[in-house]
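Colleague: Sharing a sequence plus its predicted fold:
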Amino acid sequence: MSRISFVLLFAYLCAFAVTAVAQNSEADRVIGNWLVQDKKAKVQIFKKGDKYFGKIVWLKEPNDEQGNPKHDKENPEEKLQSRPLMGLELLSDFVYDEDLVWEDGEIYDPKNGKTYSCKMTLSEDGKTLDVRGYIGFSLIGRTSVWTRVR
């Protein structure tokens, strides 16, 4: 390999690495703690491999009327009804697309025990996250606005 070819290859690889790092840092902007719209829970979004997930890390009312930790009682699978809400993974398998949008994920709603397709859109300032759950097409669904917390 000639010296010029080596220099060009090196320059190309450096440019590719910088682009990949920039995209990863943009994709990772969603990572953190989020207060859900009704302010009754906080969800921590984190990364596993190249996908993004979210779990409940705080509940305004973590216990039931008897003082016991709340469980996933609305889950249609009887064996999952005994799992605690605290630590429950609500968001799964999100992939960063571009322009501050994460797609191809799912959101589980413990209030009704249903799982929906979901996409998330981060505001430019990174302070709010539009979480849109839907069935079939994203045009038919509901958006909840979450607020970043420290």
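Modeller: Received, thanks.
Colleague: Could you measure from the residue nearest to P110 when sequence neighbours are not counted over to M120?
Modeller: Distances taken as C-beta to C-beta, 6 or more residues apart in numbering place D72 nearest to P110, at 5.5 Å, with adjacent residues excluded. All C-beta atoms are positioned from the backbone trio N, CA, C, and that covers glycine. Distance, D72 to M120, by C-beta to C-beta, to the nearest Å: 22 Å.
Colleague: The two: which is more packed in?
Modeller: A count of neighbours by other C-beta atoms under 10 Å puts M120 above the other of D72 and M120, at 24 against 16.
Colleague: Can you tell me the SS state at that one?
Modeller: strand (DSSP: H, G, I helix; E, B strand; the rest coil).
Colleague: That one and W102 touch, don't they?
Modeller: Yes. The pair M120 and W102 qualifies as a contact (C-beta atoms under 8 Å) at a distance of 4.5 Å.
Colleague: Overlap of the contact sets of those two?
Modeller: Residues touching both M120 and W102 (C-beta atoms under 8 Å, 6 or more residues apart in numbering): V30, F94.
Colleague: Tell me the spacing between T128 and P76.
Modeller: Counting by C-beta to C-beta, the separation of T128 from P76 is 31 Å.
Colleague: Mind checking which of those two has more residues around it?
Modeller: For T128 versus P76, neighbours defined as other C-beta under 10 Å are more numerous around T128 (16 against 10).
Colleague: So D28 belongs to a helix, correct?
Modeller: Yes. Counting by three-state DSSP, one finds D28 located in a helix.
Colleague: In space, what's closest to it - neighbours in sequence excluded?
Modeller: Counting by C-beta to C-beta, 6+ apart, D28 lies nearest to K47, which is 6.6 Å off, once chain neighbours are set aside.
Colleague: element containing the one you found, please.
Modeller: Here K47 sits within strand 41-48, counting by DSSP states H and E.
Colleague: Output that strand as CSV, restricted to C-alpha atoms.
Modeller: Written as CSV, here are the backbone C-alpha positions of strand 41-48 (Å, rounded to 0.1, in the frame of the first residue of the first chain):
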residue,chain,number,x,y,z
ALA,A,41,-43.9,7.7,38.3
LYS,A,42,-40.3,8.2,37.2
VAL,A,43,-38.8,6.1,34.5
GLN,A,44,-35.1,5.5,33.9
ILE,A,45,-34.2,5.1,30.3
PHE,A,46,-31.0,3.2,29.7
LYS,A,47,-29.1,1.4,26.9
LYS,A,48,-28.5,-2.4,26.6
